[in-house]
Structures are given as C-alpha cells and as structure tokens.
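A.B. asks: Here's a sequence, model it:
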Amino acid sequence: MDFLSTWQKDFASAEWMNILSSAFDVILVAVVIYQLILLSKRTRAWQIIIGLVVFLLLVFVTERLHLYTLNLLLQWVLPLGPVAIVILFYPELRHMLENMGRGAGWVTMFAGTPKDDVTTVIHSIVKATCKMSERKIGALIVIQREGALDDIAATGTRLDSSVSEELLGSIFNPGSPLHDGAVIVRGTRLMAAGCTLPLSERAHVGTMIHTRHKAALGVAEESDAAVVVVSEETGTISLALEGKLYRGLGEESLTRWLYKVTGVSDKNEDKSDLAKKVNGTIRKARFKLR
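C.D. replies: This is a model prediction of the structure:
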C-alpha cells in the first residue's frame, strides 16, 4: 500500500509533458524489441539468442551452486560478449540498417519508372515463367528493388539488355551456357545472367527444399529483392520475398505479387474493383426501388 500511495503522489506531482514523454519512450522501446524479435525469428539469430540466454543462465546457476572453477571460466568469456554479438549478428544488423536506410522497403527501384514500362516487364517475366513451368525448365529471376545487387551481378555475365519473354526463355534453355545461374532484373533492364546466389543458412531449410530455392531464399534473406523460382523437378512457380518462400503460384497470383513488389497498381485489378463497386451500387438502387 505504501508503494501505491507513493506512486500516486509522484504521478500527481509529475508534469504532463514528462508523463507523455516517458510513455512514448516506453512504447518506442517496446516496438523496437518487438521488431527485433520478429527479425530474429525469421533467421538463425533466434537460435543464437537462445544460446546466449542459456549461457547467462549457466553463469547464474554455477554461481549459486558454488561451482567456482566453471563459473570463473564463464566469467572470463563475458567481456567478449559485445564483440561476439556484433560478429554473430552481422547479417541481421546489416539487413536491419538497410531497411532503415531505404524507409523499410517503401521505396523501390521502380519508383521513377513509367508505369507502362514496368507493366511490360512484369508481363514478360510472368509469360516466360509460365512457359518454363509448363516445360519444367528451372529458372531464377532476381528482381532488384532498393538494395543494390552489384556484388551478385558481378558473379555472372553482364548483359544490360531489355527484359523480354524471348530473352528469358533463351537464357534458361537447358542448352544455354547461362541456364544454371540467375538473372538480375534492375528496373526495366536485364543486367546480368548466369549469376551465383548465396544459399540460405537456415538450419531447418536443408531437407525441405532444393538448391535453387535455397539460393532464392538466401538472396531474400540478405536483401529486399524478390526472386521468382521455377522448379526443374515439378515446374512449380515460387516467389522468395523478405526471407519467406511462397509456393504454388499461378499466372494471376504471380502477376499480383509482382505488381505489389514493384509498387505499381494493377490496372485490371483496379477496373475489377471499380466494377464491383458499381455493381454493388446498382443492386442497392434496384433493391430500394422494389
């Protein structure tokens, strides 16, 4: 009761600006911690965090159980903690800082590109992907957004050509020398082909998917790029985005995803939404007239 009465007195005597700033400070800290948890759960950082918690528990338990030698060894390791955390969490920290720098992905490579040109690129990618899916031809199409992919493009052959259905089909044709790698699409240009992508380092991914999908996830984990994948074994179309893999896509669903990741609205979808609203208004009017 003394604690509550003291807290009430302090709260009554405090200025409103101090209360609001303190509340805002607590909310910001909670949001940051929540976002860090979400970020770590999508990567191997979650296992590292669990390992750090277990290590700290060992320090506490060995001290309570008077295991002086083991506790002394653990205490020697503690000063190296900050350096170890930076090294272990380097990929996650870099990804978080890149997201902050580009406004959390709101700005894309297609922001200043004419909408008709982006629509042409999307349709070319979708048509080529669907044809390769029917013929079970493996493909990896990396669509750059805000984060630069120059280091990945440097591993392949520079092209800097217009994106077209025919070009994509010829690159991934099994007889082509570039068909085993990935292509990099930057804006409306196909920058490079035959590129080598980093594989995902997630522990549970190994037995679940094939190498082509691991490569797509690896890029999606390290950058904001969107990666279209066609399975050579099944012809299944997938999309890797923000560390997640969306499988079993068709022509319509892939088109919607690409419009979304490029930040361009789908004209057909807009028309269908408008038609639905008009039809709904007409039905309501007819009902009232009856």
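A.B. asks: Helices of the stretch 101-250 of the chain, residue ranges please.
C.D. replies: Along the stretch 101-250 of the chain, the segments classed as helices by DSSP state H, counting those that start in this stretch run 115-134, 150-153, 165-171, 211-222.
A.B. asks: Which strands and helices lie in contact with the third one?
C.D. replies: Helix 165-171 is packed against helix 115-134, strand 189-195, with contacts defined by 3 or more CB pairs under 8 Å, 6 or more residues apart in numbering; DSSP states H and E. Placement of C-beta: from N, CA and C, glycine included.
A.B. asks: Nearest to Gly156, out of these?
C.D. replies: strand 189-195 (3.4 Å; CB to CB).
A.B. asks: buried set for that closest one?
C.D. replies: Leu190, Met191, Ala192, Ala193, Gly194, Cys195 (16 or more other CB atoms under 10 Å).
A.B. asks: What average pLDDT does that strand get?
C.D. replies: For strand 189-195, the per-residue pLDDT values average out at 93.
A.B. asks: Stretch 249-256 too?
C.D. replies: So the average pLDDT for stretch 249-256 ends up being 93.
A.B. asks: Now it: buried residues?
C.D. replies: For stretch 249-256, a neighbour-count test (16+ other CB under 10 Å) marks Leu249, Leu254, Thr255 as buried.
A.B. asks: swap in stretch 143-158?
C.D. replies: Buried, per 16+ other CB under 10 Å, within stretch 143-158: Ile143, Gln144, Arg145, Glu146, Gly147, Leu149, Ile152, Ala153, Gly156.
A.B. asks: Can you give the contact residues for that stretch?
C.D. replies: 98, 102, 105, 107-110, 125, 142, 178, 181-187, 191-198, 219, 223-228, 258, 261-262 (CB atoms under 8 Å, 6 or more residues apart in numbering).
A.B. asks: now these: which count as buried?
C.D. replies: Judged by 16+ other CB under 10 Å, buried ones among the contacts of stretch 143-158: 98, 108-110, 125, 142, 178, 181-187, 191-195, 197-198, 219, 223-228, 258, 261-262.
A.B. asks: Would you map the strands across the stretch 1-150 of the chain?
C.D. replies: 139-144 (DSSP state E, counting those that start in this stretch).
A.B. asks: which intervals of it have sub-threshold pLDDT?
C.D. replies: 1-17, 19, 35-47, 88-113 (pLDDT under 70).
A.B. asks: go again using 80 as the cut-off
C.D. replies: 1-23, 32-51, 80-115, 147-148 (pLDDT under 80).
A.B. asks: same check, this time on the stretch 151-290 of the chain
C.D. replies: Ranges of the stretch 151-290 of the chain meeting pLDDT under 80: 201-210, 263-290.
A.B. asks: try 90
C.D. replies: 151, 160, 174-180, 187-188, 198-214, 217-224, 233, 242-245, 260-290 (pLDDT under 90).
A.B. asks: hey, where'd the strands end up in it?
C.D. replies: 157-162, 182-186, 189-195, 226-230, 237-241, 244-249.
A.B. asks: Can you say which of the ones you listed is nearest to Pro79?
C.D. replies: strand 244-249 (37.5 Å).
A.B. asks: in that closest one, what's buried?
C.D. replies: Buried residues in strand 244-249 (16+ other CB under 10 Å): Leu245, Leu249.
A.B. asks: residues making contact with that strand?
C.D. replies: Under CB under 8 Å, 6+ apart, the answer for strand 244-249 is 42, 209, 213, 216-217, 220, 229, 236-240, 257.
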